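Sharing a model that was predicted from the sequence below.
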Amino acid sequence: MPLDLNAYGIATSNPAAWRGRPLTARGRWDTRLSVLLDNQVAASQAGYLVFTPLALDGCDCAVLVNRGWIALGADRQAVPAVTPIATAVTLHGSAAPPPSPGVGIDTEYADWLAPGLLRVQRVDLAALSRRLGTRLLPLTVRLDRDAADGYLRDWTAPPNRADRHTAYAVQWFALGTLVLVVWVAVALKRRKKKPSSA
């Protein structure tokens with residue numbers, strides 16, 4: 001069952017528990033700002049990940065939506081055709097943390113390519129929230145592959161945590177068995193070497 005970001009209390013829950021979970025969100029694209037995350041590669045071509053805030057219905061907050069990858073073009077100063085649509089939408093996607101940290105957006109490494117189009121080296125939710133004057137939820141949404149209003153999306157599935165736990169259990173069981181075998185072998189060896197009393 002997809003999580004409903006518009007549901008009461010969802011904004012204050014633990015976002016780590018949502019990672020990879022499908023979700024829905026209703027609201028309007030905030031056309032004041034789209035963020036291009038720099039240095040993203042797809043099919044050996046440089047480009048950006050495009051993030052646009054979605055102002056959520058029934059909440060004085062927004063969520064940053066990862067709309068996918070777009071090519072850089074021949075010139076780094078070229079302005080990509082990023083087109084948020086200022087209409088009400090219900091989108092489907094999955095919960096994800098912001099991309100790994102890099103250089104903050106409030107430094108010289110963030111630059112405006114056009115009004116409302118900011119190129120950054122990392123997605124800093126707190127700094128973006130200050131720029132927008134809107135509280136951003138502490139996660140991002142990866143737009144579904146077949147959803148409208150997006151670009152190239154080839155999301156990799158999150159790792160299967162159950163498989164990982166099974167692998168850990170097998171490793172610990174093997175280690176425990178090895179320790180037991182060594183202990184028994186050492187104990188038997190000592191017993192054989194122990195001189196018998198006269």
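That came through fine. Remember, predicted model here, so these are calculated numbers, not experimental data. Numbers count the residues shown, from 1 in each chain.

could I get stretch 115-129 in CSV with only the CA atoms?
Written as CSV, here are the backbone C-alpha positions of stretch 115-129 (Å, rounded to 0.1, in the frame of the first residue of the first chain):
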residue,chain,number,x,y,z
PRO,A,115,15.3,32.8,-13.1
GLY,A,116,14.0,29.9,-11.0
LEU,A,117,16.7,27.4,-12.2
LEU,A,118,19.5,26.8,-9.7
ARG,A,119,22.5,24.5,-10.4
VAL,A,120,23.9,23.0,-7.2
GLN,A,121,26.6,20.4,-6.2
ARG,A,122,24.4,18.9,-3.5
VAL,A,123,20.8,19.0,-2.4
ASP,A,124,20.6,20.8,0.9
LEU,A,125,17.0,20.7,2.1
ALA,A,126,17.5,23.2,4.9
ALA,A,127,19.1,25.8,2.5
LEU,A,128,16.4,25.2,-0.2
SER,A,129,13.7,25.6,2.5
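
Now do it: distance to the chain's middle.
On the basis of CA atoms, centre = their mean, to the nearest Å, stretch 115-129 sits 16 Å off its chain's mean C-alpha point.

which is the next helix or strand following the host helix or strand of Ala127?
Under the criterion of DSSP states H and E, Ala127 resides in helix 125-132. If you walk from helix 125-132 toward the C-terminus, the next helix or strand you reach (DSSP H and E) is strand 135-143.
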